[in-house]
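*Asks:* With the sequence up front, the predicted model follows.
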Amino acid sequence: MKKGRLDAFLIMQSATVVEAMQKIDFNAKGILFVVDGEERLIGVITDGDVRRWLIKTGDLQETVEKIMNRNPKVIYYKEIKTAKERMEKYCITALPVVDTQDHITDIVFKEAKDVIAEIEGKKALRGIPVVIMAGGKGTRLYPYTKILPKPLIPIGDIPIMERIINVFRRYGVQEFYATVNYKKSMIKSYFAENMGNFSLQYVEEDQPLGTAGSLSLIEEQFSTPLIVTNCDILIHADYADIFQYHQKTGNELTMVTALKNIVVPYGVIHSNGNGRIDSMEEKPRLSYFVNTGMYILNPELLQEIPDGTCFHMTDLASQLLKEGRKVGMYPISEDSFLDMGEFEEMHRMEEKLSLKAE
């Protein structure tokens, strides 16, 4: 591996958690190897380590040294033929190749097809229902949505809703529901001709009921938590881990959240309130977690959604919080959240999925 490429997977021990998240986004492998001032390997940090830290503390400014694994698995060049076997033994996706001074000279990654095969083999979400909110008009994507409903707008040559279904199917999901309203006949026609080994039931709105209101129309009585997702997003994360996190924490509602970095395009002035300047900060970066539009909720919550009323998932979350009930978040990185709600974001989704024409 060339030095420039290798640098994408190395991070200094003094770097912050938010910097680590940005670098993990850039390398798209979910892992970084932590090095000291002499570029010697001293630890490893994964997107899972970052997520657990954020769930525990919410602190984006702590150094990676605080949360790294100080005993990374390594391999020497003469042993490189055993790399695949070692990764399977330790359930890891990457092995750094080091020299006798602990400098990383290369990295061996588990092949993407093997990672996908593992996911598909586990079928961890078999029996879990997924509801896709597909009833909106997609006004932000006009004039595309004057012709096509938003769920059928293609990303590459596959409609976004079909891509969402395909990702869930990798985890064993077979039971899908779609809340529909605008141009619903086109959605039904498309999937009537493109059905795979899964069931898709339609929940028809006579009027817009919001991202939660339409759930009250589902007649099925669920015995497990259900996953609800907007029809215009793709989440790059381990869906099985999200679901297991919801169950382990005892949340009634879990919201998948994504880091959002905003750069203020001006020099910011900090004042003491008496007209005097304390300090100046040039183009500061602000970091927040935003709602992605993907949720896991316990089936009992369906009884708390009012009938025939526009009611959003955020309304439900606010109601639970006011009552002191358990609402949690599952954080993912900025680049793991792909949203096609606007043209610019739709083009970013195509680029991320390597679908945009050269």
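*Replies:* Perfect, thanks for sending it.

*Asks:* just the strands in the stretch 101-250 of the chain please.
*Replies:* With strands called from DSSP state E, counting those that start in this stretch, the stretch 101-250 of the chain shows them at 104-109, 130-134, 154-155, 158-159, 175-180, 199-204, 226-230, 233-235.

*Asks:* Make a markdown table from the ones you listed and add distance to I165, mean neighbour count and mean pLDDT to it.
*Replies:* Quick note: C-beta positions are derived from backbone N, CA and C, even for glycine. Listed next are those as a markdown table, based on distance: least, CB to CB, whole Å; neighbours: other CB atoms under 10 Å; pLDDT from 0 to 100:
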| stretch | distance to I165 | mean neighbour count | mean pLDDT |
| --- | --- | --- | --- |
| strand 104-109 | 28 | 18 | 93 |
| strand 130-134 | 8 | 25 | 94 |
| strand 154-155 | 13 | 18 | 84 |
| strand 158-159 | 10 | 18 | 88 |
| strand 175-180 | 6 | 23 | 94 |
| strand 199-204 | 8 | 15 | 92 |
| strand 226-230 | 10 | 23 | 96 |
| strand 233-235 | 11 | 21 | 91 |
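
*Asks:* among these, which is nearest L54?
*Replies:* L54 sits nearest to strand 233-235 of all the strands of the stretch 101-250 of the chain, at 16.0 Å, using CB to CB.

*Asks:* list the buried ones in the helix or strand that contains E85?
*Replies:* According to DSSP states H and E, E85 maps onto helix 83-90. Residues of helix 83-90 classed as buried: 83, 86-87 (neighbour count, 16 or more other CB atoms under 10 Å).

*Asks:* related to what we said a few turns ago, can you lay out the strands of the stretch 101-250 of the chain as JSON lines showing distance to R51?
*Replies:* Shown next, in JSON lines, are the strands of the stretch 101-250 of the chain (distance: least, CB to CB, whole Å):
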{"stretch": "strand 104-109", "distance to R51": "20"}
{"stretch": "strand 130-134", "distance to R51": "22"}
{"stretch": "strand 154-155", "distance to R51": "26"}
{"stretch": "strand 158-159", "distance to R51": "28"}
{"stretch": "strand 175-180", "distance to R51": "26"}
{"stretch": "strand 199-204", "distance to R51": "31"}
{"stretch": "strand 226-230", "distance to R51": "18"}
{"stretch": "strand 233-235", "distance to R51": "13"}
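
*Asks:* ok, and the helix or strand in this structure with the lowest average confidence?
*Replies:* Ranked by mean pLDDT, DSSP states H and E, the helix or strand of the chain with the weakest confidence is helix 343-352, at a mean of 65.

*Asks:* Just the helices from the stretch 201-350 of the chain, written as ranges.
*Replies:* For the stretch 201-350 of the chain, the helices defined by DSSP state H, counting those that start in this stretch cover 210-213, 239-249, 313-322, 343-352.

*Asks:* quick one: the third one to strand 130-134, angle?
*Replies:* Counting by axes from the mean of the first three to the mean of the last three CA atoms, to 10 degrees, helix 313-322 points 130 degrees away from the direction of strand 130-134.

*Asks:* for helix 313-322, packing partners?
*Replies:* helix 210-213, strand 253-263, strand 285-297, strand 327-332 (3 or more CB pairs under 8 Å, 6 or more residues apart in numbering; DSSP states H and E).

*Asks:* Can you say which of these is nearest to N194?
*Replies:* Closest approach to N194 among the helices and strands packed on helix 313-322 (CB to CB): strand 285-297, 23.0 Å.

*Asks:* strands paired with that closest one, and their directions?
*Replies:* Note on strand 285-297: by DSSP bridges, its sheet partners are strand 226-230 (antiparallel), strand 253-263 (antiparallel).

*Asks:* who wins for proximity to P149 among those?
*Replies:* Minimum separation from P149 across the strands paired with strand 285-297 (CB to CB) falls at strand 226-230, 13.5 Å.

*Asks:* neighbouring contacts of that closest one?
*Replies:* Strand 226-230 is contacted from outside by 125, 128-133, 164, 168, 173, 211-212, 215, 235, 239, 243, 292-297, 299, 313, using CB atoms under 8 Å, 6 or more residues apart in numbering.

*Asks:* Now restrict the residues you listed to buried residues only.
*Replies:* Buried residues within the contacts of strand 226-230, counting neighbours by 16+ other CB under 10 Å: 125, 128-133, 164, 168, 173, 211-212, 215, 235, 239, 243, 292-297, 313.

*Asks:* low-confidence ranges in the protein?
*Replies:* Along the chain, the model assigns pLDDT under 70 to residues 1-4, 138, 140-144, 341-358.

*Asks:* Mark out where each domain of it begins and ends.
*Replies:* Following automatic domain parsing, the chain resolves into domains at 3-110, 127-352.

*Asks:* Mind putting these into TSV with distance to E118?
*Replies:* Putting the domains of the chain into TSV (distance: least, CB to CB, whole Å) gives the following:
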stretch	distance to E118
domain 3-110	9
domain 127-352	10
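
*Asks:* Nearest to G121 among those domains would be which one?
*Replies:* Evaluated with CB to CB, the domains of the chain place domain 127-352 nearest to G121, the distance being 9.6 Å.

*Asks:* from the chain's centre, how far out does the closest one sit?
*Replies:* 10 Å (CA atoms, centre = their mean, to the nearest Å).

*Asks:* S189: neighbour count?
*Replies:* Other residues within reach of S189, judged by other CB atoms under 10 Å, total 11.

*Asks:* And for the one 3 residues further on?
*Replies:* Using other CB under 10 Å, the number of residues around A192 comes to 9.

*Asks:* residue contacts, the most centrally placed residue in the chain?
*Replies:* Closest residue to the average C-alpha location of the chain: I235 at 3.7 Å, with CA atoms, centre = their mean. Contacts for I235 (CB under 8 Å, 6+ apart) come out as 229, 256, 292, 294, 332, 336-338.
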